[in-house]
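Participant: For reference, the sequence and a predicted model appear below.
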Amino acid sequence: MTPKKTETENYRQVSVSEFFEKNRHMLGFDSLQKSLFMIVKEAVDNSLDACEESGTTPEISVEISILKEDLFEVKVLDNGPGIERSIVPKVFGQLLYGSRFHVLKQSRGQQGIGITAAILYGQSTSGEPSIITTRRKVDSVAYRFVLGIDIKNNVAKVHSEDPIIWPHESGTEICIKARGRYVTGRQSIFEYLKELAVVNPNAKISFTDPEGKKYIFEKTIDEPSKPPKATKPHPYGVEIGDIIGICADSSEDSMENLLISAFSRISRATSLEILEKSGIDPGASPHSIDKVKAESIIKGINDTKLMPPSAESLSPISEKFIRTGMLSVYGEHKPSFYGRPVTGKVAIYKGNPFSVETGMVFGGALPADQPILVLRYANKVPLLFHPGSCAITKAISETDWRQFGFEQKQGKGVPYGPAIIMVHVFGPRLPYTSESKEAIAPVDEITDAIKYAIKMELKQLRRFNSRAEKNKKMGEKFNLVSTVIPEIARKSSEILSMEIPDCRVVISKIANVVFVRETFVERDGNKHSVTEVINYTMNPISMNLKIVFRNGEVDKKIENLGMSEKFVYEHTEPLNVSDEAEYYFTGINPVLVQGADELPSDWGLKGVEAYESEE
């Protein structure tokens, strides 16, 4: 007779791997379609992080082949720095093993779960181990690992480890066999890679689909992304449990030293000020801090004026990359407006810095009778799923787009119009709605920051539309003046049998402006932009003209342009989109100029900065 188990004998500890194998939906592996997508996403995110940290311009190859029915093989190869062979089993075969969780700096991956979860899913659904090939520049050979995961113990199960001759100087290749379903459309692998190309114009991304079709997103900028630096958390936003935990783990001998060592933006004088307001002895041991004292410290922090958080731990896409990426990927729609990317100021959520970037294109062949296309990004990663629960969608839906010419029912919801808006939220500890990081939690601090950046972008669009309408009317007026007056003079001269008079003085007296306009000519089947500056004033003028195209700028110095004289500049590079140049000027009275705007004093590569202000 078998003895009955006691109640306590029914309990046992579950490993992390075992838990996530049974709850893989929490990591995004909740359907065949989504699971195949997640394998590619996690592998590519790892590759981009590795290249960014090593200062390498990425070259990433993704291949998906179908083995039978719903069984696929996914290969992702990068040109990153490679991985030291001794830690390969832990990196790929042990959940929650990683280099970024305990470091406060922005990265795509953070928890040490993603790629290992992909290998775990492949092992569970195909019964096959994964193959990892890696090589560093200092290694004479590459190493190929065939490994799976010991689920009960959360450790790698290495089947083999062999040195091989590999044609690549450095990099890593991951090969995973798994069940899945390949689809096309908005939430597809191709769309994910396409949106990655927007924010990584310095990456060459090639993709071979299960039918053998190959797509290549060529790099358009040959410079590495600027990697973030690790920083300490900012005191604003920390909670009682954070203070208690930091104090319990600290090896500092006093609270004065702990505040200085544990947080950014706290000097010795600031530490003493916080502790004085908290009623805590600066020499007190950190291990003596309980709940009541922690509450006092938080109050003291909030009552003390501190410098804003450092931006060193952040890695924005940058204006240059956004402009170039939007042009190279969405230029086929021939938008008439490319907004200058907006970068928000650094804000804080729970002691961690974050910021927002936006980019926008409008018009051209984009459909006006459909909702605008929203490109959501978190730490440079496209978010294709669960838009309804995301802070970005919430901010867009709560912004009134009607005043900017869009259709929007009662000023709520995603608007309709010919536009694509890109929103990038970035920071070292972004709050997500789930472990799969498919949507940003709609907390007030983040949604408010997104709203301000969007409004700044829309104000640019309103200025563009206003300027376009104004230039159209001015062009019609001056075309009329410059055509009608000479024609009147010619007819009058015929009637009176007199010589045709010089009409330039009359036209200049009527107009009294310097008119800037753009025309187009065809050269060898290509469209070229021609800039004309006509002096319709009574005196010679001089000015500096900045001509801004989608893919660059041209500066021209105009000196002593006489009355009714014309300055002409033809852009030598053919235009690959329905391009309309933007014109800015300095060195002349702004009242005299039509068709161009005065150059903003903050013009430069830093882009537009959004600050909290209300009109």
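Facilitator: Yes, it's here. Quick caveat, the model's predicted, so the values are computed rather than measured.
Participant: now the end-to-end length of stretch 202-220.
Facilitator: End-to-end distance of stretch 202-220 (Cα to Cα, to the nearest Å): 6 Å.
Participant: For it, which outside residues touch it?
Facilitator: By Cβ atoms under 8 Å, 6 or more residues apart in numbering, the residues outside stretch 202-220 that reach it are 48, 51, 57-66, 72, 182, 189-190, 193-194, 196-197, 201, 221-225, 321, 324-325, 328-329. C-beta coordinates here come from the backbone N, C-alpha and C atoms, glycine included.
Participant: for stretch 408-417, same thing?
Facilitator: Under the criterion Cβ under 8 Å, 6+ apart, residues 362, 368-372, 374, 393, 396-398, 400-402, 405-407 lie in contact with stretch 408-417.
Participant: pLDDT of it, averaged?
Facilitator: Average pLDDT, stretch 408-417: 89.
Participant: For that stretch, measure first residue to last.
Facilitator: The first and last residues of stretch 408-417 sit 9 Å apart, counting by Cα to Cα.
Participant: same question, stretch 203-212
Facilitator: 22 Å.
Participant: How about stretch 436-455?
Facilitator: 30 Å.
Participant: before we move on, what about stretch 566-585?
Facilitator: Distance between the two ends of stretch 566-585: 16 Å, counting by Cα to Cα.
Participant: Please report the distance of the nearest residue to A248 once chain neighbours are set aside from R268.
Facilitator: Counting by Cβ to Cβ, 6 or more residues apart in numbering, A248 lies nearest to H287, which is 6.7 Å off, once chain neighbours are set aside. Plainly put, H287 is 21 Å away from R268 if you go by Cβ to Cβ, to the nearest Å.
Participant: Please enumerate the strands of the stretch 401-550 of the chain.
Facilitator: Under the criterion DSSP state E, counting those that start in this stretch, strands of the stretch 401-550 of the chain are mapped to 419-426, 513-523, 526-536, 541-549.
Participant: Would you mind giving these as TSV with mean neighbour count and distance to V141 added?
Facilitator: Conversion of the strands of the stretch 401-550 of the chain to TSV gives the following (neighbours: other Cβ atoms under 10 Å; distance: least, Cβ to Cβ, whole Å):
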stretch	mean neighbour count	distance to V141
strand 419-426	25	38
strand 513-523	16	54
strand 526-536	19	50
strand 541-549	18	48
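Participant: Which stretch among these approaches E494 most closely?
Facilitator: strand 526-536 (25.8 Å; Cβ to Cβ).
Participant: quick one: strands adjacent to the closest one?
Facilitator: Neighbouring strands of strand 526-536 in its sheet, by DSSP bridges, are strand 513-523 (antiparallel), strand 566-570 (antiparallel).
Participant: got those strands as TSV, with distance to K214 columns?
Facilitator: Converted to TSV, those look like this (distance: least, Cβ to Cβ, whole Å):
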stretch	distance to K214
strand 513-523	33
strand 566-570	38
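Participant: so which of those strands comes closest to P387?
Facilitator: Of all those, strand 513-523 comes closest under Cβ to Cβ, at 38.1 Å.
Participant: quick check: angle from that closest one to strand 541-549?
Facilitator: 40 degrees (axes from the mean of the first three to the mean of the last three Cα atoms, to 10 degrees).
Participant: chain center to strand 513-523, what's the gap?
Facilitator: Relative to the mean C-alpha coordinate of its chain, strand 513-523 is positioned 34 Å out (Cα atoms, centre = their mean, to the nearest Å).
Participant: Return that strand as PDB; C-alpha atoms alone will do.
Facilitator: The C-alpha trace of strand 513-523 is given here as PDB (Å, rounded to 0.1, in the frame of the first residue of the first chain):
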ATOM      1  CA  VAL A 513       9.400  92.800 -51.800                       C
ATOM      2  CA  VAL A 514      12.200  90.200 -52.400                       C
ATOM      3  CA  PHE A 515      10.400  87.200 -53.800                       C
ATOM      4  CA  VAL A 516      11.700  83.700 -53.300                       C
ATOM      5  CA  ARG A 517      10.200  80.900 -55.300                       C
ATOM      6  CA  GLU A 518      10.900  77.300 -56.500                       C
ATOM      7  CA  THR A 519      10.400  75.900 -60.000                       C
ATOM      8  CA  PHE A 520      11.300  72.500 -61.400                       C
ATOM      9  CA  VAL A 521      13.000  71.400 -64.600                       C
ATOM     10  CA  GLU A 522      13.600  68.000 -66.200                       C
ATOM     11  CA  ARG A 523      17.200  66.900 -66.900                       C
END
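Participant: Let's see which of the contacts of stretch 408-417 end up in strands.
Facilitator: 362, 374 (DSSP state E).
Participant: Can you select the buried ones among the contacts of stretch 408-417 for me in ChimeraX?
Facilitator: Applying 16 or more other Cβ atoms under 10 Å to these, the buried members can be selected in ChimeraX as follows:
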select :362,371,372,374,393,396,397,398,401,406
